[in-house]
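1. A predicted structure for the sequence below; I have some questions about it.
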Amino acid sequence: MVRVYLGHRGRTRAQSWRPGSRGGTERLAPRFPCGGAPPHPPGPRQPPAPTRGCGPPASSPNSLLQEWPGHPLSEVMPTESGSCSAARQAKQKRKSHSLSIRRTNSSEQERTGLPREMLEGQDSKLPSSVRSTLLELFGQIEREFENLYIENLELRREIETLNERLAAEGQAVDGAELSKGQLKTKAGHSTSQLSQKLKTTYKASTSKIVSSFKTTTSRAVCQLVKEYVGHRDGIWDVSVARTAPVVLGTASADHTALLWSIETGRSLARYTGHVGSVNSVKFHPSEQLALTASGDQTAHVWRYAVQLPTPQPVADTSQLCGEDEVECSDKDEPDADADAPSDCPTIRAPLTSLKSHQGVVIAADWLVGGKQAVTASWDRTANLYDVETSELVHCLTGHDQELTHCCTHPTQRLVVTSSRDTTFRLWDFRDPSIHSVNVFQGHTDTVTSAVFTVGDNVVSGSDDRTVKVWDLKNMRSPIATIRTDSAINRITVCVGQRIIALPHDNRQVRLFDMSGVRLARLPRSSRQGHRRMVCGSAWSEDHPVCNLFTCGFDRQAIGWSINIPALLQEK
């Protein structure tokens, strides 16, 4: 019997011819590399009958290679019987470059990673100590991934347990009771939002960090009174006149500003002097003048003369105050074309146009006394103008990115500007010869607005979902921090009662006091409230019908009646 040794992945395989059971010879089938199937079915078979010129297979090892032309050795191994040494050298050369991974069923090796003998049969150039260190490192990496995976599974189980517990108790994440249908709606929210709310809900409050979750305010405390519909695009800002007649002003992306009757909800005048989006509107402290900022890089001062219509009985909307967690669809937005202010007077030209900016003018406000105005722009500057002459008095520079808002103190010559550079700055013009500036750093994202209170406090809101209350005498750290679940837009403060209104990106409006305690959340359902982002708010403390106004990108402004004594009593 002749035995030929074939190389396979660095190992030797034997192939032999032996006498068959039927007087012939049979061949033991070799194993083929890469799991390939042999050209004949496995098992014994009769060899082909010899023909003339061909001896029996056992007489010549090379005949086996000729019969298996696809085998790698058919190209390497010499056909002459005297060249066995050359074949052996080729086989050893191929063996030196092969890699053999020995498999093991040991649980210990599976736990620690690859075995150290992984490179069996390979002449590695790496020292054995280096190779051993690499294998240990790979084992540590595998264990770390395994631990992370197990921890992820445990956290997921904890979240599911908390969800089941909240559902069983009938308690919403925000503190409100939910029906079965509303629980299904809440379940549709993303896991990231739910995790964030759960984390905030169960986070312990400190002296400076106040949780924003509280039981829903009763319907008698916060009630929707009037909706002001007429703009053809989103409303950026809302403001209330400080002198009689008391009207409501709105600034919209449809390039117009509208004046409204608070009692009836009818539009009284429309300003069309801008050729860009109207981004803010503010009323003069003592005259019937309005100041608007626009995307056309200008700010306009224009005069209005309106006559209030006879007030009508206010409709009772208390029956509309259902659960405020029901999601709303875009198709429920008010139809602006139906109530478009086509019959109201139109003001087409300003009294004064303030031009000095090289970018969008995002906000403008009157300084105390009403003789000067300040503007904030995307060109990273704020300008102080003389309104009568339209001359530029000061150009306030220092912000590193676009400005987002500006506000003036009600009784002093102070200005605060907000910016996307995560800071807001206090500018002091009480000394005519020089103006000082202080920088407030406490937010981690765009500061959307910063406003004054009557005292020595400034309240700032940011896209980092926080509101901070600052003392002008100690600017190093805020005296209170309010954490919420959504970005905050242009805030406003009820000066007499020191209540902060927070309009959110998530269509909610929340009320807090200056110490950071949550007082209320305005009701919202499928039939009332804002249906898109709430952009701004404004207080009118002494108005008998509405004392809080909000506006949003659902193209409407809303008037609310807030029972402040009852609200403070529930506190």
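-> That came in fine, so what should we check first? Being a predicted model, the structure only gives us computed values, none of them experimental.
2. alpha carbons only for contacts and neighbour counts from here, please
-> Will do.
3. end to end, how far does stretch 391-411 reach?
-> Counting by CA to CA, to the nearest Å, you get 23 Å between the two ends of stretch 391-411.
4. wait, I meant stretch 501-514
-> End-to-end distance of stretch 501-514 (CA to CA): 11 Å.
5. Okay, buried residues for it please.
-> 501-505, 507-514 (16 or more other CA atoms under 10 Å).
6. Dump these to a markdown table, plus secondary structure and distance to Ile362.
-> Formatted as a markdown table, the buried residues of stretch 501-514 follow (DSSP: H, G, I helix; E, B strand; the rest coil; distance: CA to CA, whole Å):
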| residue | secondary structure | distance to Ile362 |
| --- | --- | --- |
| Ala501 | strand | 21 |
| Leu502 | strand | 19 |
| Pro503 | strand | 18 |
| His504 | strand | 19 |
| Asp505 | coil | 18 |
| Arg507 | coil | 22 |
| Gln508 | coil | 23 |
| Val509 | strand | 22 |
| Arg510 | strand | 24 |
| Leu511 | strand | 25 |
| Phe512 | strand | 26 |
| Asp513 | strand | 28 |
| Met514 | coil | 27 |
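7. Going by distance to Gln556, which of those wins?
-> Arg507 (12.5 Å; CA to CA).
8. would you list the buried residues of stretch 501-514 in a markdown table and tack on distance to Leu426?
-> Shown next, in a markdown table, are the buried residues of stretch 501-514 (distance: CA to CA, whole Å):
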| residue | distance to Leu426 |
| --- | --- |
| Ala501 | 22 |
| Leu502 | 21 |
| Pro503 | 23 |
| His504 | 25 |
| Asp505 | 26 |
| Arg507 | 30 |
| Gln508 | 29 |
| Val509 | 27 |
| Arg510 | 26 |
| Leu511 | 25 |
| Phe512 | 23 |
| Asp513 | 23 |
| Met514 | 20 |
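9. of the residues you listed, closest to Arg521?
-> Of all the buried residues of stretch 501-514, the one with the least separation from Arg521 (CA to CA) is Arg510, at 4.3 Å.
10. Nearest residue to the closest one in space, please, no chain neighbours.
-> Excluding the flanking residues, the one nearest Arg510 by CA to CA, 6 or more residues apart in numbering is Arg521, at 4.3 Å.
11. Let me know the pLDDT of the one you found.
-> pLDDT, Arg521: 94.
12. Then Ser342?
-> 57.
13. same deal with Ala220?
-> For Ala220, the pLDDT comes out at 71.
14. any idea how far it lies from Ser561?
-> Distance from Ala220 to Ser561, counting by CA to CA: 9 Å.
15. just Val278 next, same as before
-> Val278 is 27 Å from Ser561, by CA to CA.
16. Between those two, point out the one with more neighbours.
-> Ranked by neighbour count (other CA atoms under 10 Å), Val278 and Ser561 place Val278 first, with 31 against 19.
17. you'd agree that one is up against Gly249?
-> No: applying CA atoms under 8 Å as the test, Val278 and Gly249 come out as separate, 11.6 Å apart.
18. any shared contact partners between those two?
-> Listed as contacting both Val278 and Gly249 by CA atoms under 8 Å, 6 or more residues apart in numbering are Ala257.
19. shaky segments in the stretch 351-500 of the chain?
-> Regions of the stretch 351-500 of the chain meeting the criterion pLDDT under 70 are absent.
20. got the domain boundaries for this protein?
-> Following automatic domain parsing, one gets these domains for the chain: 1-33+57-69, 210-570.
21. Need the winner for burial among those domains.
-> Ranked by mean neighbour count, the domains of the chain are led by domain 210-570 with a mean of 20 (mean count of other CA atoms under 10 Å).
22. picking that back up, would you mind measuring from the residue nearest to Arg510 to Glu541?
-> As judged by CA to CA, Arg521 and Glu541 stand 18 Å apart.
23. do Met533 as well
-> Met533 sits 24 Å away from Glu541, going by CA to CA.
24. got the end-to-end distance for stretch 347-360?
-> The first residue of stretch 347-360 is 22 Å away from its last residue (CA to CA).
25. And the contacts of stretch 418-435?
-> With contact meaning CA under 8 Å, 6+ apart, stretch 418-435 is reached by 399-406, 412-417, 436-450.
26. can you tell me which of those residues are in strands?
-> Of the contacts of stretch 418-435, the ones assigned to strands by DSSP state E are 403-406, 414-417, 436-441, 447-450.
27. next one: phi and psi at the residue nearest to Arg510?
-> Per-residue torsions, Arg521: phi -130, psi 130 (degrees, to the nearest 10).
28. Where does pLDDT dip in the stretch 51-200 of the chain?
-> The stretch 51-200 of the chain contains residues with pLDDT under 70 at 51-124, 169-200.
29. ok, now with 90
-> Within the stretch 51-200 of the chain, the ranges that satisfy pLDDT under 90 run 51-132, 134-136, 143-148, 151-200.
30. How about Ser261, nearest residue that isn't a chain neighbour?
-> Nearest to Ser261 is Val247, by CA to CA, 6+ apart, at 5.5 Å.
31. and if you look at Asn383?
-> What sits nearest to Asn383 in space, not counting adjacent residues and going by CA to CA, 6+ apart, is Cys395, at 4.6 Å.
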